[in-house]
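J.: Got a predicted model here, sequence first, then my questions.
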Amino acid sequence: MVKKTAVRRAGALLVLAGLWSGAVTAQAQPYPTKSVRVVVPFPPGGPSDVLARVITQKLSEALGQQFYIDNRGGAGGTIGAEFVAHAVPDGYTLLFGSTTILAVSPSMYPHLGYDPATAFAPMGLFASVPLSLVVNRDVPVGSVPELIAYVKARPGKLFYGSAGNGTQVHFAAAMFKTMAGLDITHVPYKGGGPAMVAMMGGEFTYMFDTPQSSLPFVRDGRIKMLALTSRERSKLLPNYPTIAEAGLPGFEVISWNGIVAPAGAPREAVRRVNDAFRAIDASPEFVDTLAKIGATPVTDTPEEMDALIKQELVRWRQVALQNGIKAD
C-alpha cells in the first residue's frame, strides 16, 4: 500500500512538473504569441488604411505572427481610438495612430470617452508625410507670397476647400489662414477626391492635400503646387519649397504615423514593436515602398512619440480655438 501511494505521489509530481515546465516555456516565448489586431479608425482604401496595411505586413514578417487590420471608422477616427483605449492592455489590440487621430480630431471633440494624452502606450512612429499647398490653375499666382497677396486683395470674397471639417488638411489650412492673416472662408467636402474635383472646377482658390493625391493633377497641368508643409525640403520633391522658407517662417505640418497600445500594455510588447520599426525603417525595400506613396521613414522611441502626441494636442487645440473649429 505504501509503495502504491509513493508511486501515485511521484506521478502527481511529474504531472505538476510538466505543467510548470509548460507554463515557464509559454512565459518565455517572446511577444507576440498569437495574431495581433491593429484598429484603423477610418474606412478601407484611404491614405491611413494604405499605410497601415504596409506596416502590418512588415510587422507580421518581422515578429512571426499575423498583424491584421480592423477598420472602425467614424467621428474623425475617435470611435476606433476609443475602442482601443478601453481594450484589454495585453498588447494584442493596437491602434494605427496618426496626427489626425491622436492630436487633431480630439480638438474637435472636447467630451471624448478617453484622454488621448494618457489613454495610450505609444510604441513608436514609422513614417511621416508632408502636405502640399495647391491652387486652382487659373489663379494667377506662382508662389506662397503671391497667393497671400492675392487673397488679401480680396478680403472675404474667396474660399479655401478641404477634405472635410476637422481633417488634418482643414486644420493645416486654418493655421495657414491665421498665420498669414487672411480673410477667407472654409468650404468642407466629403473627402479629398470631391474637394480636388471642386477646386479644379473653380469652386475655391486653394487647399492642402497629400502629395500622393495631388501630384497626378499637378503633372497634367490641372492644378498648381506651390509648396510643401515640412520643415525642410522633401528629398522626394526637392524642387518645391517649404511654406516656411517661401513666406511663412515657422509654418510646419507633418502627418506622422505610428502604433499605440492601450495604456498599461506590457513593456515587452512595446519594446518588440519599437525594435521591429527600427529594423523595418532601415530596409531599403521599405524606404522605396514608402516613397511610392509620398512618405519617409521615421524612427523614434516610445517616449519621444509620447512627448510628440502631448505637444501636438496643445498645438491643434489652439488652432481649433483660434478658428472656431467644432464638430458638425
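T.: Noted; the coordinates are in hand.
J.: For residue 269, identify the helix or strand it belongs to.
T.: Here residue 269, judged by DSSP states H and E, is contained in helix 267-281.
J.: For the most centrally placed residue in the chain, which residues are in contact?
T.: Nearest to the geometric centre of the chain sits residue 98, at 1.9 Å (CA atoms, centre = their mean). By CB atoms under 8 Å, 6 or more residues apart in numbering, residue 98 lies in contact with 48, 77, 168, 255, 256, 257, 258. (Each C-beta comes from the backbone N, C-alpha and C, glycine too.)
J.: The fourth one: what secondary structure?
T.: For residue 255, the reduced secondary structure class is strand; criterion used: DSSP: H, G, I helix; E, B strand; the rest coil.
J.: helix/strand/coil for the closest residue to it other than its chain neighbours?
T.: Excluding the flanking residues, the one nearest residue 255 by CB to CB, 6 or more residues apart in numbering is residue 129, at 4.5 Å. Residue 129 falls in the strand class when you classify it by three-state DSSP.
J.: How about the contacts made by residue 129?
T.: 47, 210, 211, 212, 254, 255, 257, 293, 294, 295, 296.
J.: ok, now with 6 Å
T.: 255, 294, 295 (CB atoms under 6 Å, 6 or more residues apart in numbering).
J.: now the strands for the protein?
T.: Ranges of strands in the chain, per DSSP state E, are 36-40, 67-71, 93-98, 120-130, 132-136, 159-162, 185-188, 206-209, 223-228, 254-262, 296-297.
J.: gap between the shortest one and the chain center?
T.: For strand 296-297, the distance between its averaged C-alpha position and the chain's averaged C-alpha position is 13 Å (CA atoms, centre = their mean, to the nearest Å).
J.: Then stretch 224-244?
T.: 20 Å.
J.: Compute the first-to-last residue distance for it.
T.: End-to-end distance for stretch 224-244: 18 Å, by CA to CA, to the nearest Å.
J.: And for that stretch, what's in contact with it?
T.: Contacts of stretch 224-244 from elsewhere in the structure, counted by CB under 6 Å, 6+ apart, are 130-135, 137, 144, 218, 246, 251-253, 291.
J.: Can I get these in CSV including neighbour count and pLDDT?
T.: Putting the contacts of stretch 224-244 into CSV (neighbours: other CB atoms under 10 Å; pLDDT from 0 to 100) gives the following:
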residue, neighbour count, pLDDT
130, 27, 93
131, 26, 95
132, 29, 96
133, 26, 97
134, 25, 98
135, 22, 97
137, 14, 94
144, 22, 97
218, 18, 95
246, 20, 92
251, 21, 96
252, 16, 95
253, 25, 95
291, 13, 87
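J.: Of those, just say which sits nearest to residue 301.
T.: Nearest to residue 301, judged by CB to CB, of the contacts of stretch 224-244 is residue 252 at 21.1 Å.
J.: Can you list the residue ranges for helices in the stretch 51-200 of the chain?
T.: In the stretch 51-200 of the chain, the segments counted as helices under DSSP state H, counting those that start in this stretch are 78-85, 99, 105-108, 144-152, 168-180, 192-200.
J.: Make a markdown table out of these and add distance to residue 325.
T.: Formatted as a markdown table, these follow (distance: least, CB to CB, whole Å):
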| stretch | distance to residue 325 |
| --- | --- |
| helix 78-85 | 15 |
| helix 99 | 15 |
| helix 105-108 | 7 |
| helix 144-152 | 19 |
| helix 168-180 | 6 |
| helix 192-200 | 17 |
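J.: among those helices, which gets the worst mean confidence?
T.: Of all those, helix 105-108 carries the lowest average pLDDT, namely a mean of 86.
J.: tell me what that helix is packed against?
T.: If contacts are counted by 3 or more CB pairs under 6 Å, 6 or more residues apart in numbering; DSSP states H and E, helix 105-108 sits against helix 302-323.
J.: Tell me what angle the helix it packs on forms with strand 120-130.
T.: 70 degrees (axes from the mean of the first three to the mean of the last three CA atoms, to 10 degrees).
J.: what about the stretch 1-150 of the chain, any weak spots by pLDDT?
T.: Scanning the stretch 1-150 of the chain for pLDDT under 70 picks out the ranges 1-28.
J.: What lies in contact with the helix holding residue 269?
T.: Helix 267-281 has contacts (CB under 6 Å, 6+ apart) with 31, 58-59, 62-63, 91, 121, 123-124, 126, 286, 297, 299, 302.
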